[in-house]
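# Sequence and predicted structure are below.
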Amino acid sequence: MSVPPPSAESLQHRAEIAKLLSPLRRVLPRVPFWKLAAHRIPTLWTLYRGLLRHAAHENIRYRIRSLFRENRRTTSGRAAKEQLEQGHKWLDILKRAHAGDTRLKAILDRYDRMIAFKREEEKWRTCIHQVFVQEASTRSRTIFKGSFIRQTFYNRLLPRLVPQPESIGGMIRSRRKARERRIEKQEELYRWLDDLMGEAEFERNLCVHEKGSQRMEFVGDALYEWVQPLEDKLIITEDALSRDLERFRAPYPLKLLLAAKEARQRKVANKTRQKEREARGLYFPSTLKRMRRGPPTHICEKMTPEQRRLYQIAQGPAEGGYTAAVKLRLGMKLRNPNLWKLEGGREEDQAILETMESEISSENEQRQRNAGGELEV
C-alpha cells in the first residue's frame with residue numbers, strides 16, 4: 001500500500017513553521033568564543049575598564065589585574081560565564097561604593113588591607129625563593145678548571161666541566177650507539193650487495209644463450225633497480241661514518257685553548273690565595289678535611305698513638321709555634337723556615353717586649369692586691 005503525498009496546504013504549513021523556527025536555531029561560530037568581538041568588547045571595555053575605573057584602592061586594582069591575567073586562558077564556556085557573572089557582581093559593588101555606600105566602603109577598605117598584607121607576604125616569599133634558587137644554581141653551576149675531554153669519534157675537543165652537564169654525556173652516548181648501528185648497517189648492506197651480485201651472476205649464466213657471436217641477456221636493467229637503493233643507503237651511512245672521522249681529526253680550537261689557559265691560571269691564583277688565608281688562620285672545609293685525613297692504612301697500622309697525633313698536627317697549614325716544631329721533627333719542609341723562630345719576637349724588639357711584659361706584670365700584681373684588700377674588708 002503506497003503512502004499518498006502531502007497536500008499543498010500541508011507543505012505550506014510546514015514551510016511557515018520552518019520559517020518561524022529558523023531564526024531560533026543555535027548557530028555555532030567557526031571561531032572560539034574568546035576571539036569573538038561579542039565577547040571581547042564587553043569584557044575588556046565594559047567590565048575590565050569599569051572595574052579599574054571604580055576601584056578606589058591601588059591594591060584592589062592590582063587584584064583585578066591579577067585575576068584577569070590568571071583567567072585570560074580560560075577556554076571553557078561555562079567557566080567563562082561564571083567568571084563574568086562574578087565580575088559584574090564586583091562591578092556593581094564598586095559602583096555602589098563609589099556612589100557613597102559607607103558599608104561597602106568599609107568592606108573595601110578592609111579588603112584593601114588584606115590584599116596589602118598578602119602582597120607583602122608574597123613579596124617576601126618570592127625573595128626567599130629567589131635566594132634558594134640562586135644558592136641551588138650556585139651549588140650546581142659548572143666550573144671549567146682547564147682540562148679537556150679528548151676528541152673521539154663521538155665528540156670534538158670539549159672542556160671538562162665539574163660537574164659535567166648531562167647533555168654532554170647524553171650526546172656522547174647517543175653518538176656511540178648511532179655509530180654502532182651504522183657499522184652494523186654497513187656490514188649488512190655489503191652482505192646484501194654481495195648476495196645480489198652473486199644471484200645476478202648466477203641468473204645471467206642461466207639466461208644467456210649463444211646465437212652465433214651474439215649473447216642474449218634476460219636480466220636487463222633489473223639489477224640496477226635492485227642495487228641502487230642499497231647503494232644510496234650505503235652512501236648515506238658511509239658519509240655519517242666519515243663525519244665521525246672528521247670529528248676525531250678536528251684541530252683544537254684556539255679559543256678553547258686560551259680559555260683553558262686562563263682557567264688554569266685562575267686555579268693557581270685561587271689556590272695561592274687560599275693558602276695565604278689558611279696561613280692567616282682562616283680554615284676552609286677542605287682544610288679541615290685534609291687535617292682529619294690520616295695516613296695510608298698500611299702505614300697507619302704500624303704507627304703509635306703519639307705518631308698519629310703528631311701526624312694529625314702536621315696536617316695543619318700553620319708554620320709557627322708548636323705546629324712548626326712538629327713539622328720540623330717529622331722532616332717536613334716549611335715555606336718560610338725562619339718564621340717559627342719569631343714566636344718570641346725579633347731580637348731588635350726584645351727591649352720593648354721586656355718593658356711591656358714588666359708593665360703588664362706590675363699591673364696584674366696591683367690588681368691582685370686591690371682585689372685581696374677588698375675581700376679582707
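Happy to help now that I have it.
# Which elements pack onto the longest helix along the chain?
Ranked by number of residues, the top helix in the chain under DSSP state H is helix 166-207. When contacts are defined as 3 or more CB pairs under 8 Å, 6 or more residues apart in numbering; DSSP states H and E, helix 166-207 packs onto helix 222-248. C-beta here means a position set from N, CA and C on the backbone, and glycine is covered the same way.
# list the buried ones in the very next helix or strand once past the helix it packs on?
Elements were assigned by DSSP states H and E; along the chain past helix 222-248, the next helix or strand is helix 254-279. For helix 254-279, burial by neighbour count (16 or more other CB atoms under 10 Å) applies to 260, 263, 278.
# With distance to A37 and pLDDT added, can I get those residues in JSON lines?
What follows is the buried residues of helix 254-279, written out as JSON lines (distance: CB to CB, whole Å; pLDDT from 0 to 100):
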{"residue": "A260", "distance to A37": "62", "pLDDT": "94"}
{"residue": "A263", "distance to A37": "60", "pLDDT": "94"}
{"residue": "E278", "distance to A37": "73", "pLDDT": "84"}
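# Show me which of the residues you listed is closest to F132.
Closest approach to F132 among those (CB to CB): A263, at 28.5 Å.
# what residues are up against that closest one?
By CB atoms under 8 Å, 6 or more residues apart in numbering, the contact set of A263 is 144-146.
# count of neighbours near K89?
The number of residues packed near K89 is 10, by other CB atoms under 10 Å.
# is it fair to say M332 lies in a helix?
No - looking at M332 with DSSP: H, G, I helix; E, B strand; the rest coil, it is coil, so not inside a helix.
# Tell me who's in contact with the closest residue in space to it that isn't next to it in sequence.
Excluding its sequence neighbours, the residue lying closest to M332 (CB to CB, 6 or more residues apart in numbering) is A314, at 6.1 Å. Taking CB under 8 Å, 6+ apart, we find A314 in contact with 323, 326-327, 330, 332.
# in this structure, what secondary structure element scores lowest on mean pLDDT?
Sorting the helices and strands of the chain by mean pLDDT, DSSP states H and E puts strand 214-216 at the bottom, at a mean of 47.
# Just among the contacts of A314, which is most surrounded?
K327 (20 neighbours).
# roughly how far apart are the closest residue to it other than its chain neighbours and K271?
In space, K327 comes closest to A314 once its chain neighbours are excluded; the distance is 5.1 Å by CB to CB, 6+ apart. The gap separating A314 from K271 is 20 Å, by CB to CB, to the nearest Å.
# same deal with P4?
For P4, the distance to K271 equals 109 Å [CB to CB].
# Give the helix, strand or coil label for Y283.
coil.
# same check, this time on L44
Applying three-state DSSP: L44 is helix.
# try S147
strand.
# so who does it touch?
Applying CB under 8 Å, 6+ apart, the residues near S147 are 159-160, 260.
# which parts of stretch 237-256 are buried?
For stretch 237-256, a neighbour-count test (16+ other CB under 10 Å) marks 237, 244, 247 as buried.
# Would you confirm that the second one contacts R179?
Yes - because the distance of 5.9 Å satisfies CB atoms under 8 Å, D244 is recorded as touching R179.
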